[in-house]
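Colleague: below are the sequence and a predicted model; questions follow.
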Amino acid sequence: MTAWLQRHRRFTFHFTPTSCSWANAVEGLFAKLTRHRLKRGVFTSIVELQAAISRFIAETNDMPKPFVWTKSADAILAAVQRGRQALEAIHSHVRLCQMQARKFVAFFQALVLGCTRQGRRHGRHDDG
């Protein structure tokens, strides 16, 4: 990747977190462009496609609709707390299952070793 970027100086790598709101807004814009302009469009050349995209952007910019947060900060933080509690409950359950699995394996190993030792004491061999 680094070698490719060095050969193609006009490109710059930018790390973009997938959970950020501006990336979601950009995805929404592309979805709207696809639904309203590109999905059923017929373009016989790249120039026609570029013109359709440019018209869509111009029309969207002529009638801007600013993004408005619909939840308060308290509501968002409460949702984050509920998410943390849910994850902790899942992790607690996983830890409990792991502990029970370790106990089962130890019990099974003790059972198998006990049977093997008894067989040797009575003159039986496991090699058939």
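Modeller: Yes, it's here.
Colleague: in this structure, which spans are helices?
Modeller: Secondary structure of the chain, counting by DSSP state H: helices at 2-7, 21-33, 46-62, 73-121.
Colleague: what's the third one in contact with?
Modeller: Yep, that's helix 46-62 we're talking about. 29, 32, 33, 36, 37, 38, 41, 43 (C-beta atoms under 8 Å, 6 or more residues apart in numbering). In short, each C-beta sits where N, CA and C put it, glycine included.
Colleague: same thing with the first one?
Modeller: Contacts of helix 2-7 from elsewhere in the structure, counted by C-beta under 8 Å, 6+ apart, are 11, 12, 13.
Colleague: rewinding a little: how about the helices of the chain in TSV, adding mean neighbour count?
Modeller: Output for the helices of the chain, formatted as TSV (neighbours: other C-beta atoms under 10 Å):
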stretch	mean neighbour count
helix 2-7	8
helix 21-33	11
helix 46-62	12
helix 73-121	10
